[in-house]
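1. Give me a model of this one.
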Amino acid sequence: MLSLQPRLVKGTQQDPLLPKLLEAIRKANHIEIAVSFVQPSGINLLFDDLLEALERGATLRFLTSDYLSITHPQALQRLILLGQRGA
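-> Now for the predicted structure:
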């Protein structure tokens, strides 16, 4: 039976998070990401895999903030582009 319980996945110096995150995105049919802020360097690491997920029919919910203006406008533009391409 498939568990619907969220899992905490974290990275270490010897076992970084990014490969685990990309693997999870590649397998997921529903993706929810909540982060304090978004930068172009971070969204660029995920963009292609998120786009492929959307193209295969996965859903994506992305929650971030503009607190202290740390979120970069270019990163938000990339997220909007994901929404347009995945629609």
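2. burial of the residue nearest to residue 58 when sequence neighbours are not counted, as a residue count?
-> Among residues not flanking residue 58 along the chain, residue 29 sits closest, at 5.0 Å (Cβ to Cβ, 6 or more residues apart in numbering). All C-beta atoms are positioned from the backbone trio N, CA, C, and that covers glycine. Number of residues near residue 29 (other Cβ atoms under 10 Å) recorded here: 9.
3. Residue 29 against residue 57, yeah?
-> Yes - applying Cβ atoms under 8 Å, one finds residue 29 in contact with residue 57, separated by 7.0 Å.
4. for this protein, where's the lowest mean pLDDT among helices and strands?
-> In the chain, no helix or strand scores lower on mean pLDDT, DSSP states H and E than helix 73-86, which sits at a mean of 90.
5. Looks to me like residue 31 is in a helix.
-> No - using DSSP: H, G, I helix; E, B strand; the rest coil, the assignment for residue 31 is strand, not a helix.
6. does it really touch residue 53, like I thought?
-> Yes - in this structure residue 31 lies within contact range of residue 53 using Cβ under 8 Å: 6.2 Å.
7. so what sits against both of those two?
-> Residues touching both residue 31 and residue 53 (Cβ atoms under 8 Å, 6 or more residues apart in numbering): 25, 60.
8. Compare neighbour counts for those two and give me the winner.
-> Taking residue 31 and residue 53 together and counting by other Cβ under 10 Å, residue 53 has the greater number of neighbours (23 against 17).
9. Would you mind measuring from the more buried one to residue 68?
-> Between residue 53 and residue 68 the distance, using Cβ to Cβ, to the nearest Å, works out to 30 Å.
10. repeat for residue 52
-> Residue 52 is 32 Å from residue 68, where distance means Cβ to Cβ.
11. who's more crowded, the two?
-> Using other Cβ under 10 Å as the criterion, residue 52 and residue 68 rank with residue 52 on top: 13 against 8.
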